[in-house]
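1. Predicted model, plus sequence, below.
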Amino acid sequence: MKPPLFDYEAPSTVEDAARLLAEGGEDAKLLAGGQSLIPLLNLRFAAPSLLIDLNGVDGLGQIRAEDGQLRLGALVRHSTVAGDPLVADRHPLLSEAMGYVAHPQIRNRGTIGGTTAHADPAAEVPVVLLMSDARVVARSTRGRREIGVDDLFVSIFTTSLEPDEIISEVIIPDRAVEPGTAVGSSFQEFARRHGDYAIGGAAAIVHLGPDGVCRSARVGLLGAGMRPEESRAAAAVLESGTFSERAAREAAAVATTDISPLGNVHGDPDYRREVIREMTFRAVMTAADKAKARIA
């Protein structure tokens, strides 16, 4: 398989990349890790007239902590995120999710900005960013703006980015932990084989007090519809009192009542709903167990 002919540019600054993207219009595409774009080119599902390679752009490959938030350059690789101590300390859920992203070869090339812009509802990173109240920095020749990921994700493979905008950075605020409480998080995913696309998955963040009461919770769903999903209703169930296995089961049931997973040869929507329900239960229970261990 060979891609169609295209022009190629490799800018060294975000400003040059933005200019090229604006000049190229809708026929221009950005290349970061290429883990999604290259297969589309080779299958001729995409035929851009211009390919703008971001890999030589200065300043997009850094991870830094600043003013109570973690800032990840758009070109930071999945494998770098997985092994970075700042990420592990401040956002362990993101570190854990990286272990489910495809295979090492993919993680060595795939980027945090690329997977965010791709907006695959079955991908691991978007749902974690949604649960973490992350924002992206979008750059263009018109300037810079920040977009919350809840507003960024519109539908499957569709974002609110303008055609001339480039994600240059992902910003994740540090978690606020109430004094005297402990927090645990967990990412759970089911696939036919490790590294395959997930049939379904879930992630949870649970804050517990020393009395066992759930002070706050977040529950995210993987592959549950046309965009990454977070269940506020499931969180409300958990936050209603003392944490228990029964509450976790109820939260998982509530989280998956109204979801619309897409069916394919690996499972119809009803099967996927049951998988997501079980993954939600496991994620909530594991997150709570980690919080309890920190209290003890």
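-> Thanks, I have the structure now.
2. rest of the way, CA atoms for contacts and neighbours
-> OK.
3. List the contacts of the closest residue in space to T111 that isn't next to it in sequence.
-> Distances taken as Cα to Cα, 6 or more residues apart in numbering place R77 nearest to T111, at 4.3 Å, with adjacent residues excluded. Taking Cα atoms under 8 Å, 6 or more residues apart in numbering as the criterion, R77 is in contact with G33, G61, R107, N108, R109, G110, T111, I112.
4. hmm, which of these are the buried ones?
-> Among these, the ones that count as buried by 16 or more other Cα atoms under 10 Å are G33, G61, R107, R109, G110, T111, I112.
5. quick one, phi/psi of the residue nearest to T111?
-> Note on R77: backbone dihedrals following degrees, to the nearest 10 are phi -80, psi 150.
6. measure it to M279 for me?
-> Between R77 and M279 the computed distance is 26 Å (Cα to Cα, to the nearest Å).
7. Quick one: list the elements packing against the helix or strand containing T80.
-> Secondary-structure element containing T80, defined by DSSP states H and E: helix 78-83. Applying 3 or more Cα pairs under 8 Å, 6 or more residues apart in numbering; DSSP states H and E, one finds that helix 78-83 makes contact with helix 92-98, helix 104-107.
8. nearest to L20, of those?
-> Closest approach to L20 among the helices and strands packed on helix 78-83 (Cα to Cα): helix 104-107, 27.1 Å.
9. helices or strands next to the closest one in the packing?
-> Looks like helix 104-107 contacts helix 78-83 (3+ Cα pairs under 8 Å, 6+ apart).
10. that older thread, and after the helix holding T80, which helix or strand comes next?
-> Downstream of helix 78-83, the next assigned helix or strand under DSSP H and E is helix 85-90.
11. farthest pair in the contacts of R77?
-> Taking every pair in these and measuring Cα to Cα, the maximum separation is 14.4 Å, between G61 and R107.
12. rewinding a little: let's have the helices and strands packed on helix 78-83 in a markdown table, adding mean pLDDT and distance to E239.
-> Shown next, in a markdown table, are the helices and strands packed on helix 78-83 (pLDDT from 0 to 100; distance: least, Cα to Cα, whole Å):
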| stretch | mean pLDDT | distance to E239 |
| --- | --- | --- |
| helix 92-98 | 97 | 20 |
| helix 104-107 | 91 | 35 |
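13. Single out the most deeply packed of those helices.
-> Burial among the helices and strands packed on helix 78-83, expressed as mean neighbours by mean count of other Cα atoms under 10 Å, is greatest for helix 92-98, which shows a mean of 22.
14. what does it rub up against?
-> For helix 92-98, using Cα under 8 Å, 6+ apart, the contacting residues are 78-79, 81-83, 87-88, 124-125, 128-129, 185-187, 203.
15. How about residues contacting the regular element (helix or strand) spanning L221?
-> In this structure, L221 is located in strand 214-222 according to DSSP H and E. Identification of contacts with strand 214-222 by Cα under 8 Å, 6+ apart yields 121-124, 127-128, 130-131, 189, 198, 200-209, 228-232, 234-236, 238-243, 276, 280, 284.
16. ditto for stretch 22-30
-> Surrounding stretch 22-30, the residues in contact under the criterion Cα under 8 Å, 6+ apart are 21, 47-54, 140-141, 163-164.
17. Ok, stretch 233-247 next?
-> Residues from elsewhere that reach stretch 233-247 (Cα under 8 Å, 6+ apart): 208, 211-219, 248, 250-252, 254-255, 285, 288.
18. OK, contacts around R44?
-> With Cα under 8 Å, 6+ apart as the criterion, the residues that contact R44 are P3, P4.
19. related to what we said a few turns ago, name the residues that touch the helix holding T80?
-> Helix 78-83 has contacts (Cα under 8 Å, 6+ apart) with 87-88, 94-96, 98-99, 101, 104, 107-112.
20. CA-only coordinates of that helix in PDB, if you can.
-> Coordinates of the C-alpha atoms in helix 78-83 are reproduced here as PDB (Å, rounded to 0.1, in the frame of the first residue of the first chain):
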ATOM      1  CA  HIS A  78       2.900   8.100  25.100                       C
ATOM      2  CA  SER A  79       6.000   6.100  26.300                       C
ATOM      3  CA  THR A  80       7.400   9.300  27.800                       C
ATOM      4  CA  VAL A  81       4.200  10.000  29.600                       C
ATOM      5  CA  ALA A  82       4.100   6.500  30.900                       C
ATOM      6  CA  GLY A  83       7.600   6.800  32.400                       C
END
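21. all helices of the protein, in order?
-> Using DSSP state H, the helices assigned to the chain run over residues 14-24, 37-42, 78-83, 85-90, 92-98, 104-107, 112-118, 124-131, 149-152, 232-238, 245-255, 269-295.
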